[in-house]
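> Coordinates for the following, if possible.
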Amino acid sequence: MAYPMIYRSKAPLRIGLAGGGTDVSPYSDLYGGAILNATVSLYAYANIELTDNNEVHFEAIDFQSKQVIQKDSPVELNGVLDLHKGVYDRIRKQFQEIPSGFKLSTFVDAPPGSGLGTSSTLVVAMVGVFAEMLKLPLGEYDIAHLAYEIERKDLKMAGGKQDQYAATFGGVNYMEFFDNEKVIVNPLRVKQQYLFELENNLVLYYTATSRESARIIEKQSQNVINKMGSSIEAMHQLKQQSLRMKEALLRGRLNEIGEILDFGFEQKRRMAEGISNDRMEDIYVAAKSAGATGGKISGAGGGGFMIFYCPGNSKYKVIEKLNSFGGHCKSYQFVDHGLTTWTI
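Predicted structure coming up:
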């Protein structure tokens with residue numbers, strides 16, 4: 001029995017280490033943003049199988065959600081698998097119509113609203129699998145920017161720019177954001193022993209709550225538009241935090257990382273209402289009482305993952321304390337590869 005050709009892709013999720021929120025317009029357009037992040041061994045996957053009919057099947061396996069449309073019909077955005085539809089619609093309009101029906105299926109290793117860039121990473125994986133199938137001549141910057149445009153412009157979803165570039169490039173990156181959507185990705189050559197130590201000491205904790213990042217990000221953007229001084233100053237400080245984090249990682253001054261994260265946690269709260277809440281504050285205080293020297297809320301805030309820096313052998317006590325809050329710690333490794341595509 002002959003199996004149909006399958007096109008596949010995977011793109012890594014990321015942990016934001018410093019500068020979070022400064023990649024969001026209009027702050028990045030007016031003042032320039034800077035972020036430091038690192039990709040981890042949690043992924044968004046996309047697969048395309050061609051079929052011999054005129055139907056387009058979209059499926060999110062992790063949500064047990066499916067929708068079927070006719071290949072030649074207009075795409076209707078109705079809240080069901082809109083990311084899938086948005087990518088398909090943009091690809092066929094900008095590049096070429098797909099010659100036959102097909103099935104696009106996806107899976108993500110972390111839930112939406114978790115603060116690890118799941119939505120944007122999924123869009124990158126889907127753009128990648130279409131590029132693999134159609135042999136599109138797209139470089140890394142092209143794919144990341146296209147994914148950004150699909151999410152922010154076509155689908156009008158609020159958010160920043162870092163996730164698309166992290167997922168596409170992979171590794172530890174210091175990213176700079178300017179007006180006119182200019183982005184520069186600076187890969188960092190962090191010594192392997194420093195990365196191993198960071199990985200050993202950095203606990204990734206899922207709070208067992210998710211949030212809708214768009215609302216928090218809209219408030220944050222509005223604060224910049226309204227020239228709210230305390231919010232803008234907090235973003236300036238977070239931009240400086242990313243420089244401090246870059247220097248600490250490159251020079252191996254890992255004992256400073258908890259303090260740098262703690263500084264960022266203080267600043268991030270000031271950016272917009274809803275970033276932190278009583279439960280997250282309690283978790284943060286408990287982690288520090290057990291030996292963590294600092295931490296942060298991953299992504300826009302309000303829920304999802306938190307990370308904590310636990311020097312020495314303090315992580316075991318920190319994990320024990322965190323488990324009492326009903327969430328769970330997630331194991332991971334840092335990965336240096338970004339979007340990967342292949343055909344079988």
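> other SSEs contacting the helix or strand harbouring Ile319?
Ile319 is located in helix 315-323, with elements delineated by DSSP states H and E. With contacts defined as 3 or more CB pairs under 8 Å, 6 or more residues apart in numbering; DSSP states H and E, the packing partners of helix 315-323 are strand 202-206, helix 278-289, strand 328-329. The C-beta positions use only the backbone N, C-alpha and C, and glycine is treated the same way.
> which residues sit against the following helix or strand past the shortest one?
Helices and strands here follow DSSP H and E; after strand 328-329, the next one along the chain is strand 340-343. With contact meaning CB atoms under 8 Å, 6 or more residues apart in numbering, strand 340-343 is reached by 5-11, 128-129, 131-133.
> switch to 10 Å and redo it
5-12, 43, 46, 48, 125, 127-133, 143, 170 (CB atoms under 10 Å, 6 or more residues apart in numbering).
> Any buried residues in the lengthiest strand in the chain, and which?
In the chain, ranked by residue count with DSSP state E as the criterion, the top strand is strand 33-50. Within strand 33-50, the residues that count as buried by 16 or more other CB atoms under 10 Å are 33-40, 42-49.
> and the angle from the helix or strand following that strand to strand 33-50?
Tracing the chain past strand 33-50, the next element assigned as helix or strand by DSSP H and E is strand 55-60. On the basis of axes from the mean of the first three to the mean of the last three CA atoms, to 10 degrees, strand 55-60 is oriented at 130 degrees to strand 33-50.
> just the angle between the helix holding Ile319 and helix 278-289, please?
Using the same axes, to 10 degrees, helix 315-323 lies at 160 degrees relative to helix 278-289.
> list the contacts for Gly326?
By CB under 10 Å, 6+ apart, the neighbours of Gly326 are 207-209, 279.
> Redo the helices and strands packed on helix 315-323 as JSON lines? Include mean neighbour count, mean pLDDT and distance to Tyr88.
Formatted as JSON lines, the helices and strands packed on helix 315-323 follow (neighbours: other CB atoms under 10 Å; pLDDT from 0 to 100; distance: least, CB to CB, whole Å):
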{"stretch": "strand 202-206", "mean neighbour count": "22", "mean pLDDT": "96", "distance to Tyr88": "31"}
{"stretch": "helix 278-289", "mean neighbour count": "16", "mean pLDDT": "92", "distance to Tyr88": "36"}
{"stretch": "strand 328-329", "mean neighbour count": "15", "mean pLDDT": "94", "distance to Tyr88": "34"}
